[in-house]
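[1] Got a predicted model here, sequence first, then my questions.
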Protein chains: 2
Amino acid sequence: MAALRGALVVGQSGGPTAVINSSLVGVIEQALAEEQVTAAYGSLRGIQGVLRDRFIDLGRESSQTLSRLRRTPGAALGTVRYKLRPEDYERVVEVLRGHDVRFFCYVGGNDSMDTAHQVHLVAQRMGYELRCIGVPKTVDNDLAGTDHCPGYGSAARFVALATRDTGWDTESMGPSSPVKIIEIMGRNAGWLTAATALAREEPGDPPHLIYVPERPVEDAAVVGDVSDVVAAREHCVIALSEGAVPDTGMGEVDAFGHQMKGGAAEYLERLLSTQLGLRVRVDKPNYLQRSFSTCISDVDAEEAYQVGRTAVRLAVSEKSGVMVALERVGHDPYRCETVAVPLEQVSNRERLLLDTYISERGNDVTFAFLDYARPLIGQPFRALARLAKYAVPPLA
Amino acid sequence: MAALRGALVVGQSGGPTAVINSSLVGVIEQALAEEQVTAAYGSLRGIQGVLRDRFIDLGRESSQTLSRLRRTPGAALGTVRYKLRPEDYERVVEVLRGHDVRFFCYVGGNDSMDTAHQVHLVAQRMGYELRCIGVPKTVDNDLAGTDHCPGYGSAARFVALATRDTGWDTESMGPSSPVKIIEIMGRNAGWLTAATALAREEPGDPPHLIYVPERPVEDAAVVGDVSDVVAAREHCVIALSEGAVPDTGMGEVDAFGHQMKGGAAEYLERLLSTQLGLRVRVDKPNYLQRSFSTCISDVDAEEAYQVGRTAVRLAVSEKSGVMVALERVGHDPYRCETVAVPLEQVSNRERLLLDTYISERGNDVTFAFLDYARPLIGQPFRALARLAKYAVPPLA
């Protein structure tokens, strides 16, 4: 039987990461290298581009564009959050068939892996031979079946550096503004918030408290934790998942009749200022966490690229209905390989922060987590310094 | 007459910048190099350290510490926001006299320059020969008498990169979340918000709208601006000074009896979602703007260091009651020199964003501003890429 030949379509879906385009470039470069792939098309705005028959010819892009794209934030093809209706899937397969597409790579998170899975199943049912491969990306790191997700390492690097630096700033302000909250992405999963611990070097380095959605903590316990840290150090830096505290008190309606938009950080800010009478300052870097390309992890960028290349290799070697996953095959030195896992084991599932990665009291991470995550954030950080502070004898 | 000999005291005051420690190292290294300076002391927590007689011997710090300190965020000596009472000043001079201090360098913003000036005047009145030099630092860039302030260039670099990257993220999300607001520090001065324009390369690059405190804009005009940009581009990225919109509507009290903390971004978010029915997303990097050391501008770090060194040189050459300022002596290539300006021309004054740097409609900066600010942010940015998007002909 002759090998399957035809065009390849790649799309990007869901929230971008700082390296989602690195995966795109991996797909493009490998597609152009495979004899079976007759053309490499990009679908504009994910699956919506297929439904609307809006494709671009990626093979005509310049090599300089592809090179720069590997470190360009945002999703270069445009992205979409669109839940396909059942009747849409047949249209997807018809459009792909019309363009003689035989290979379909979809870059995204949980929902997108489900989309890729459904396209695979519908094509099968319609008797159209189409190889569907999922390419993982998410800063939430919450996909099942993989050691970690491309995009996580770079976001982790950013939040680690941000928490370190805003923490040192807070330390130097002392008692006048002793509490800093940095709110981190993750409605259900605390992986990214946990990563704020990765720039610690010495005892006392920030963050001093870490709260994740997986381990809800009573208000009184948080107030006690903060009070203890401030008593010991004169300041306290808290990394808080956006999903770590309940929405209580956030149902208020403002003067315009809108729901008050305050999130986790605002809730905790009010709680601490009310209960402890301390001045609390808040950082909400929000979308910088998934886009700040100055902090791309070199490990993450390379893995994102390789995951894209492997997707195409799997497609041309007769795989379909699988997601490319990362399997950790070496710990010291760290090394990951790309493998294939069935999409049905991935789609619509959510992998939360492991219980063994959360400290007993639910306000920090464990060494096991640091061991897991440290290799993912890439190149070492530049070392900072505290003064030794040799005291000058005071006047008599 | 023999040259004045004695110890030097340096203190840091006000909000830290990413390079405030670079100025500290400049002071230390030059102090240790001057024969007239018998010891280099650090005052812990600014002027409070003098009042409390809490000094450290900076000459005993290791060279490695000093080298690393140049890129360490926060204020290494600790900082303070304390308004001296009249009786405090005599105590300051007495403590300095007690330690045989003849040189006093104070690193800070407007208020701190006033403190340095008052110490200078009180020492003069008390007949104690003390050389008082102000060392400028502020991310707000609002000090009079200097081309720009150390600390501004690095903060400007951070906000330019952050706005660029979160803007590209927004562009790729398209119509589903078309509006992004990034809130930038600056209650009265728009210098830092203006700097968000510095990473633009092509027409259409973010930010699309810039609002600064110096040029209040009516709500209706902002709504019109945003509506126009979204109509033209399907998305809109807004850089908003924290002081750019009135506090209207923010006086509400929440369920705990606290003032609602929403600031400029929340105000604009409500306005746009109410008036235009668009989904608005907000980034508030807050204290990252003044601390994020990964984005230190090499020009800024070097100038901060030189400003510190010059402070000591001025002190030992019989100057007092002056601030070190930067004077631009070359435009292409850019070059600044350090000069001395009288503290009385600086203290308690505020230099706002020049009118010629704000566009006619009050929603952007001018080319003149870009020319002024571009050299300050240092090393070039890594180039990003957009796909050329060669269309594939749709099916018949």
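    Here it is on my side, so go on.
[2] what's in contact with stretch A:54-65?
    A:9-10, A:28, A:31-32, A:39-45, A:48-49, A:77, A:99, B:385-392, B:394 (C-beta atoms under 8 Å, 6 or more residues apart in numbering or on different chains). The C-beta positions use only the backbone N, C-alpha and C, and glycine is treated the same way.
[3] Kindly recompute the last result at 7 Å.
    The contact list for stretch A:54-65 (C-beta atoms under 7 Å, 6 or more residues apart in numbering or on different chains) reads A:9, A:28, A:32, A:39-44, A:49, A:99, B:385, B:387-392.
[4] Find the helix or strand that A:Gly11 is a member of.
    Element membership for A:Gly11, per DSSP states H and E: strand A:6-12.
[5] mind listing what A:Gln289 touches?
    A:Gln289 touches A:139, A:155, A:158-159, A:184-185, A:192, counting by C-beta under 7 Å, 6+ apart.
[6] Are any of those buried, and if so which?
    Neighbour counting with 16 or more other C-beta atoms under 10 Å in any protein chain shown marks A:139, A:155, A:158-159, A:184-185, A:192 as buried within the contacts of A:Gln289.
[7] Filter these down to just the ones in strands.
    Applying DSSP state E to these, the entries found in strands are A:Ile184.
[8] For the buried ones among the contacts of A:Gln289, please prepare a markdown table with the additional fields pLDDT and distance to A:Thr166.
    A markdown table is the format used below for the buried ones among the contacts of A:Gln289 (pLDDT from 0 to 100; distance: C-beta to C-beta, whole Å):
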| residue | pLDDT | distance to A:Thr166 |
| --- | --- | --- |
| A:Val139 | 98 | 19 |
| A:Ala155 | 98 | 16 |
| A:Phe158 | 98 | 12 |
| A:Val159 | 98 | 10 |
| A:Ile184 | 98 | 12 |
| A:Met185 | 96 | 16 |
| A:Leu192 | 98 | 16 |
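[9] for the stretch 1-150 of chain A, what spans make up the helices?
    A:20-33, A:47-51, A:63-69, A:86-98, A:110-125 (DSSP state H, counting those that start in this stretch).
[10] among these, which is the most enclosed?
    Using mean count of other C-beta atoms under 10 Å in any protein chain shown, the stretch among these with the largest mean neighbour count is helix A:20-33, at a mean of 26.
[11] any idea how far that one is from the chain center?
    19 Å (C-alpha atoms, centre = their mean, to the nearest Å).
[12] what's the angle between it and strand A:6-12?
    For helix A:20-33 against strand A:6-12, the angle by axes from the mean of the first three to the mean of the last three C-alpha atoms, to 10 degrees is 180 degrees.
[13] Flag every residue of the stretch 251-396 of chain A that's near chain B.
    A:252, A:254-256, A:258, A:261, A:266, A:269-270, A:274, A:281-288, A:290-295, A:382-392, A:394-395 (C-beta under 7 Å from any C-beta of the partner chain).
[14] Which of those residues fall in helices?
    Applying DSSP state H to those, the entries found in helices are A:266, A:269-270, A:274, A:288, A:290-291.
[15] Surely A:Ile181 is in a strand?
    Yes - counting by DSSP: H, G, I helix; E, B strand; the rest coil, A:Ile181 is located in a strand.
[16] Check the spacing between it and chain B real quick.
    According to C-beta to the nearest C-beta, to the nearest Å, A:Ile181 and chain B sit 10 Å apart.
[17] Could you do A:Pro207 as well?
    Counting by C-beta to the nearest C-beta, the gap from A:Pro207 to chain B is 14 Å.
[18] got it, and A:Leu192?
    In terms of C-beta to the nearest C-beta, A:Leu192 sits 16 Å off from chain B.
[19] can you pull the contacts of that residue?
    Applying C-beta under 7 Å, 6+ apart, the residues near A:Leu192 are A:139-141, A:155-156, A:159, A:184-186, A:289.
[20] Centre-most residue in chain A?
    In chain A, the residue lying closest to the centroid (C-alpha atoms, centre = their mean) is A:Val139, at 0.4 Å.
[21] Could you report the distance from the residue nearest to that residue when sequence neighbours are not counted to B:Tyr305?
    Of all residues not flanking A:Val139 in the chain, A:Ala155 sits nearest, at 3.8 Å (C-beta to C-beta, 6 or more residues apart in numbering or on different chains). A:Ala155 sits 32 Å away from B:Tyr305, going by C-beta to C-beta, to the nearest Å.
[22] cool, and A:Leu96?
    Counting by C-beta to C-beta, the gap from A:Leu96 to B:Tyr305 is 60 Å.
[23] try A:Val217
    44 Å.
[24] Point out where chain A drops to low pLDDT.
    A:1, A:246-262 (pLDDT under 70).
[25] Would you map the strands across it?
    A:6-12, A:37-43, A:55-57, A:101-108, A:131-136, A:179-184, A:209-211, A:236-241, A:280-283, A:322-331, A:334-342.
[26] one step back: just give me the closest of the ones in helices among the residues of the stretch 251-396 of chain A next to chain B to A:Val119.
    A:Arg290 (25.3 Å; C-beta to C-beta).
[27] number of nearby residues for the closest one?
    29 (other C-beta atoms under 10 Å in any protein chain shown).
[28] mind listing what it touches?
    A:Arg290 touches A:15-18, A:139, A:155, B:169, counting by C-beta under 7 Å, 6+ apart.
[29] go on, A:Phe103?
    Contact partners of A:Phe103, counting by C-beta under 7 Å, 6+ apart, are A:6, A:8, A:37, A:131, A:315.
[30] Who is it paired with across the strands?
    Beta-bridge partners recorded for A:Phe103 (DSSP bridges): A:Leu8, A:Arg131.
[31] Please apply the same query to A:Cys236.
    Under the criterion used (DSSP bridges), A:Cys236 bridges to A:Val179.
[32] shouldn't it be in contact with A:Val230?
    Yes - contact between A:Cys236 and A:Val230 holds when scored by C-beta atoms under 7 Å: they sit 5.0 Å apart.
[33] any idea which of the contacts of A:Arg290 is the one closest to A:Val122?
    Using C-beta to C-beta, the shortest approach to A:Val122 within these belongs to A:Gly15, at 25.4 Å.
[34] Can you tell me the closest non-neighbouring residue to that closest one?
    Using C-beta to C-beta, 6+ apart, the closest residue to A:Gly15 is A:Arg290 (6.0 Å).
[35] How about the stretch 251-396 of chain A: which residue is closest to chain B?
    A:Ala385 (3.5 Å; C-beta to the nearest C-beta).
[36] what sits against the residue nearest to that residue when sequence neighbours are not counted?
    Excluding its sequence neighbours, the residue lying closest to A:Ala385 (C-beta to C-beta, 6+ apart) is B:Arg68, at 3.5 Å. By C-beta under 7 Å, 6+ apart, the contact list for B:Arg68 reads A:383-385.
[37] Can you tell me which of these lies closest to B:Leu352?
    A:Leu384 (33.8 Å).
[38] about what we covered before: so A:Val217 and B:Tyr305 - more neighbours on which side?
    Ranked by neighbour count (other C-beta under 10 Å), A:Val217 and B:Tyr305 place B:Tyr305 first, with 22 against 17.
[39] correct me, but the more buried one touches B:Leu24?
    No - taking C-beta under 7 Å as the definition, B:Tyr305 is not a contact partner of B:Leu24, at 9.2 Å.
[40] Neighbours of A:Asp57, how many?
    Quick note: A:Asp57 (other C-beta under 10 Å) scores 17 neighbours.
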